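In: Give the three-dimensional model of this entry:
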Amino acid sequence: MRKLLAGATMALAGLGLAMPAMAQDALTLQLKWVTQAQFAGFYVAQEKGFYEEADLDVTIKPGGPDIAPVQVLAGGGADIVVDWMPSALAAREKGVPLVNIAQPFERSGMMLTCRKETGIEDPEDFKGKTLGVWFSGNEYPFLSWMSQLGLSTQGGADGVTVIKQGFNVDPLIQKQADCISTMTYNEYGQVLDAGIPAEELVVFNYTDQGVATLEDGLYVLEEDLQKPEMVDAYARFVKASMKGWAYAAENPEEAAGIVLDNDMTGAQTIEHQTFMMGEIAKLLGDDGVLDTAAADNTVGVLMSGGSDPVITKAPEGAWTSVVTDKAAEME
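Out: As a prediction, this is how the structure comes out:
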């Protein structure tokens, strides 16, 4: 069809007639969370015209505490979603046919950050402590980690007390929790900004603890991968998005400004978004290709939950390279 349109366009041009504009393929991207530098690559790709150059009309929908990307995708409200692999695999096992088509974030940024004054020096010291944990699908790596440590999450002297942490650092600042969940690129910086210096903190990076799972990947519905035109559109989207991510990593302050231009809440600051972009650049891959060894490790972590694993069996068809393979062939 594209060749036919191109031929018609050339013919019209030869006759001196006005050429019709090429129709762009429309795609809607649902983000995992609110507009922030965690998603800068997509906003940069849109602002810099990379999607337009790829013949795409992309709508970016921010997330929030009341938005579940998987439900949006399953309900037809988006073509692609950004999600963490633990959440996606749990949803897949429950019947939502999610498939990872690309993995912009190559490394995990998840940590548990504790006040040094609590006496916590290593994971064995978590026993009897209160830990802040994000839910809405973000709790899965934590729960698997606690299971591996043999710590109950139901409280008591031989377990840990879990509090449902909002997406802020208040429980640590107000000493409601001994440790809280943080991302290298976001909440950890908020803790420092709140006046707690790094020397008064003890940080446990999930990667260092061997329980890291893949975060911010791109997911679509399995049925859409059976449509060649959708695979082609997805490939152009991935290639343009990774171009946006590369630009953002090289120009963090400009990228932060583009994020702010798209933030309708007015809650973000250029200083924090620039910090965030600088830290996110350390997590990015080059081409969005999924490292299957990292995916297999994610599966292993999620299945190691003892009597209550996040997933009960290794998934089949949960990721594919068909989109990134096609993107690699594009100039």
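
In: What ranges does the stretch 151-300 of the chain have for its helices?
Out: Using DSSP state H, counting those that start in this stretch, the helices assigned to the stretch 151-300 of the chain run over residues 170-173, 187-193, 228-250, 252-262, 270-280, 292-303.

In: Of all those helices, which one comes closest to Y51?
Out: The closest of those to Y51 is helix 228-250. By C-beta to C-beta, the value is 5.1 Å. Backbone N, C-alpha and C define where each C-beta goes, glycine included.

In: Buried residues, the closest one. List them.
Out: Taking 16 or more other C-beta atoms under 10 Å as the neighbour-count basis, helix 228-250 is seen to contain the buried residues 230-249.

In: hang on, the earlier thing: ok, which of the helices of the stretch 151-300 of the chain comes nearest K127?
Out: Smallest distance to K127 across the helices of the stretch 151-300 of the chain (C-beta to C-beta): 18.7 Å, for helix 170-173.

In: so who does R115 touch?
Out: Taking C-beta atoms under 8 Å, 6 or more residues apart in numbering as the definition of contact, the neighbours of R115 are 172, 175, 178-179, 196, 200-202.

In: Just to check, L221 is in contact with V72?
Out: No. Between L221 and V72 no contact is recorded; they are 11.4 Å apart, counting by C-beta atoms under 8 Å.

In: The residue most central in space within the chain and E124, how far apart?
Out: Centroid-nearest residue in the chain, with C-alpha atoms, centre = their mean: D216, separated by 1.8 Å. Here the criterion is C-beta to C-beta, to the nearest Å. By it, D216 lies 31 Å from E124.

In: phi, psi of I196?
Out: phi -100, psi 110 (degrees, to the nearest 10).

In: Make sure it is actually in contact with I173.
Out: Yes. A contact is recorded between I196 and I173 when judged using C-beta under 8 Å, the distance being 7.4 Å.

In: rewinding a little: mind checking which of the contacts of R115 land in strands?
Out: Applying DSSP state E to these, the entries found in strands are 179, 201-202.

In: Go through those and name the one nearest E331.
Out: Compare each of the ones in strands among the contacts of R115 with E331 using C-beta to C-beta and the shortest gap goes to L201, at 47.1 Å.

In: which ones are touching the closest one?
Out: Shown here is L201, whose contacts under the criterion C-beta under 8 Å, 6+ apart are 113-116, 191.

In: swap the cut-off to 10 Å and go again
Out: Shown here is L201, whose contacts under the criterion C-beta atoms under 10 Å, 6 or more residues apart in numbering are 111, 113-117, 172, 179, 182, 188, 191-192.

In: So which residues of the stretch 1-150 of the chain form helices?
Out: Counting by DSSP H, counting those that start in this stretch, one finds helices in the stretch 1-150 of the chain at the ranges 2-14, 40-47, 50-53, 69-74, 85-93, 140-149.

In: which stretch among the ones you listed comes nearest A157?
Out: With C-beta to C-beta as the measure, helix 140-149 is the member of the helices of the stretch 1-150 of the chain nearest A157 (14.8 Å).

In: and the angle for that closest one with helix 292-303?
Out: Taking axes from the mean of the first three to the mean of the last three C-alpha atoms, to 10 degrees, one finds helix 140-149 and helix 292-303 inclined to each other by 70 degrees.
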